[in-house]
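A.B. asks: 3D model of this:
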Amino acid sequence: MKEKDKFLFYDTTTLEETVGLRERVQTTYIQSRLQERFLNETIRVKSASINDTGKYAKLLSTIKGLPHYCSIKLEHSTGRHTECITIWSPLAWNDRFLGTAGGGTGTGGDTYITKPNNTSRGLTLPKAVCNGFTGAMTDAGNTRMEWALDKKTGGLDWERIENWRARSTHFMSLVGKAVAEILHERPVRYSYLHGGSGGGRQSMVEAQEFPHDYDGIWASCPAINWNKFVLGGLWPIAVMNSYGHVLSPRKIKYFLTAAQNSVGGAQAYYRRGERVDFDANSVVGDRTKDGPITEVDAEIMTKIWSGPRRENGEPLWHGFRPGVLFWNVFIPIGAFYYSLPRKKPKPFIISKHFARWVAKNPKQTFEDITMEAYVKLFDQSVSELAVIGADKTDLTAFAEAGGKLIIDHGIDDPLIPVDGTIDYYEKLCEAMGGKARVDSFSRLYITPGDGHGSCNWHGPGITESDGMRALIDWVEKGIPPGALRVVQVDRNGKTICERMQVSY
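C.D. replies: The predicted structure is shown next:
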């Protein structure tokens, strides 16, 4: 069996169908019971059905191997907007709830109902029911790619932003557990939440602001410090624009290779946990297919690696470490990418979208931004959008409630600099009275060579099943996670590397 297919982390063989559940899968019944629980909320049960086909069909794809489950769709008014919440509950339930999350500026929705894959970090509804859990997701009422700005006024739609920031995930958690209890007529024993990237941000906000929603939370490559790091996709472009000089794809790749070679080559680099201290000026004069490396090339590379800074050198946020592949050519994935045949780089789409939030200009492209303009945009983001930072470090309430938190982040993440997560963890230790206190409820895993929420990158990462088993054992058996198995697979899903990773 390939690693991607090992997505079962809970034994469901002894579970039995809940007696009388089928009769309770009715919109009117569920509607009335929810109204009793949520007196001040406007909720409409759109549909309630049982799927006993063993599969779920969506457009041209079909997910097979599913247990019999009931699907409940709700509409919930958040004010001027309406969100859709989907809940799947297996007929044979293990008394546990799984919250699922989204990515980027999405919190969930039909596009996140995907075939279970153990090498992709982030829970989904199919993974939930296959493991005997009731699962829930919400689209937060934000179904467009760009939803934060009012197209008529250009101003921020704070209701939508708050839905995305915290409100929708919290309500999804409450109503998802309520539906599970209504259907099965017994209480939820344990609740878990796991998301990656933007879903990792959702997970961290739950621990920070709603400490009683979940017993166990796993935040993978979390997009915390949102109002600081997301603009980072504009920084390399701002540097090149300010110098009036584009660092070509071949040259930036040359710098990457040189940084990796300085510690023994790519394989040695991708096993390394420490930052590489590499001087870009050491390769000035070296020849590439795009000409020799110049002093200007080296200065630009140094500024990009160093991360956003003020004119006086004061750092604003973390950059990507020397040796990390954080850009792409033609494919718009990475902090920025080179669009061919145009060779001028463009920012990652979420960086551009968020910059529009800050500038309150739904049409601005930022392709001509300078370092001076970047600093002004950064300061505006920090001052005006502090509430969306997801960077609160006082987790006292979560710890006292008995909550357990696992965080992981790959060093070779091409979208979110790993040092932002390390920075958060160190501030967490400081705020909570030291690492020993934090270790009692939270563990951080920094994985060399690992990318952005997937085991298919330059080094191994935590699999879904290994991480969830560790979290469940910590919550339900009191066994703190030690070294976790990490796995690397190739494009075909074949395991090419496996080892154990200790916590930070």
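A.B. asks: Alpha carbons of stretch 109-119, as CSV, please.
C.D. replies: This file holds the C-alpha atoms of stretch 109-119, laid out as CSV (Å, rounded to 0.1, in the frame of the first residue of the first chain):
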residue,chain,number,x,y,z
GLY,A,109,-16.4,24.6,0.7
ASP,A,110,-17.1,22.0,-1.9
THR,A,111,-13.7,22.3,-3.5
TYR,A,112,-12.2,21.0,-0.3
ILE,A,113,-14.1,17.7,-0.6
THR,A,114,-11.2,15.7,-2.0
LYS,A,115,-10.0,12.1,-2.2
PRO,A,116,-8.3,11.1,1.1
ASN,A,117,-4.5,11.4,0.8
ASN,A,118,-2.3,10.6,3.8
THR,A,119,0.6,12.6,2.4
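A.B. asks: Name the residues of it that are buried.
C.D. replies: Gly109, Tyr112, Ile113, Lys115, Pro116, Asn117, Asn118, Thr119 (16 or more other C-beta atoms under 10 Å). C-beta: built from backbone N, CA, C; applies to glycine.
A.B. asks: List the residues that contact the residue lying closest to the fourth one once chain neighbours are set aside.
C.D. replies: Right, Lys115. Using C-beta to C-beta, 6 or more residues apart in numbering and skipping residues adjacent in sequence, the residue nearest Lys115 is Ile63, 5.1 Å away. Residues near Ile63 by C-beta atoms under 8 Å, 6 or more residues apart in numbering: Lys55, Tyr56, Ala57, Ile113, Thr114, Lys115, Pro116, Pro126.
A.B. asks: tell me the pLDDT at Gly154?
C.D. replies: The pLDDT attached to Gly154 in the predicted structure is 81.
A.B. asks: That one against Ala359, yeah?
C.D. replies: No: between Gly154 and Ala359 there is no contact under C-beta atoms under 8 Å: 9.2 Å.
A.B. asks: More neighbours: which of these two?
C.D. replies: Neighbour totals were compared for Gly154 and Ala359, and Ala359 leads with 18 against 13 (other C-beta atoms under 10 Å).
A.B. asks: Tell me the spacing between the more buried one and Leu231.
C.D. replies: 11 Å (C-beta to C-beta, to the nearest Å).
A.B. asks: Spit out the residues that contact those two alike.
C.D. replies: Leu377.
A.B. asks: Could you give the bridge partners of Ile462?
C.D. replies: Val486 (DSSP bridges).
A.B. asks: check contacts around it.
C.D. replies: Contacts of Ile462 by C-beta under 8 Å, 6+ apart are Arg121, Ser220, Asp408, Tyr445, Thr447, Cys455, Leu484, Arg485, Val486, Gln501.
A.B. asks: Torsion angles phi and psi at the second one?
C.D. replies: Here the main-chain torsion angles of Ser220 (degrees, to the nearest 10) amount to phi -100, psi 140.
A.B. asks: what does the first one give?
C.D. replies: Backbone dihedrals for Arg121, given as degrees, to the nearest 10, come out at phi -80, psi 130.
A.B. asks: how about the nearest residue to Trp357, chain neighbours excluded?
C.D. replies: Ala148 (4.9 Å).
A.B. asks: got a pLDDT number for the one you found?
C.D. replies: At Ala148, pLDDT is 95.
A.B. asks: Can you verify my assumption that it contacts Val358?
C.D. replies: No: applying C-beta under 8 Å, one finds Ala148 not in contact with Val358, separated by 10.1 Å.
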